[in-house]
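J.: A predicted structure for the sequence below; I have some questions about it.
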Amino acid sequence: QVQLVESGGGLVQPGGSLRLSCAASGRIFSMNAMAWYRQAPGKQRELVAAVRSGGRTNYADSVKGRFTISRDNAKNTVSLQMNSLKPEDTAVYYCNAPDTVVVGDPTYYNYWGQGTQVTVSS
């Protein structure tokens, strides 16, 4: 089994910054993509940003130029630097590892963290 644990959420004023981190642990053989999703009240969960093991990234249009995703392949961690935050960024943010292979099992597994609340409000 693999666990994803997020940290770094909280309350911030509009225009402020937060950094989310996610650490993966367990019997990980490989973890190609790592991503951040978010879900606001009454809305569907949406992709915020993703990064592949080779470094290629993609972002939701709504966060381009404000958010930066990065990862440390050796430590199986992924971070999301969020700048110029807006009230509409308020949501629960989830770490996701959609194509994880564990030691001794060739199956691709999709893992999620428990989520961390980000609230942008004055």
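T.: Okay, I see it. Residues are numbered from 1 along each chain as shown.
J.: In this structure, mark out all the strands, start to finish.
T.: In the chain, the segments counted as strands under DSSP state E are 2-7, 10-12, 18-26, 28-31, 34-39, 46-51, 57-59, 67-72, 77-82, 91-102, 109-112, 116-120.
J.: The longest one - contacts with which helices or strands?
T.: The contact analysis (3 or more Cβ pairs under 8 Å, 6 or more residues apart in numbering; DSSP states H and E) places strand 91-102 against strand 2-7, strand 18-26, strand 28-31, strand 34-39, strand 109-112, strand 116-120. For every residue, glycine as well, the C-beta is placed using N, CA and C.
J.: repeat for the fourth one
T.: Applying 3+ Cβ pairs under 8 Å, 6+ apart, one finds that strand 28-31 makes contact with strand 91-102.
J.: in the protein, which ranges drop under the pLDDT threshold?
T.: Under the criterion pLDDT under 70, no range of the chain is flagged.
J.: Report the central residue of it.
T.: With distances taken as Cα atoms, centre = their mean, residue 36 lies nearest the centre of the chain, 2.5 Å away.
J.: Going by neighbour count, list what's buried in stretch 28-47.
T.: Residues of stretch 28-47 classed as buried: 31, 33, 34, 35, 36, 37, 38 (neighbour count, 16 or more other Cβ atoms under 10 Å).
J.: residues in contact with the fourth one?
T.: If you count contacts by Cβ atoms under 8 Å, 6 or more residues apart in numbering, residue 35 has them with 47, 48, 49, 50, 51, 69, 78, 95, 96, 97, 98.
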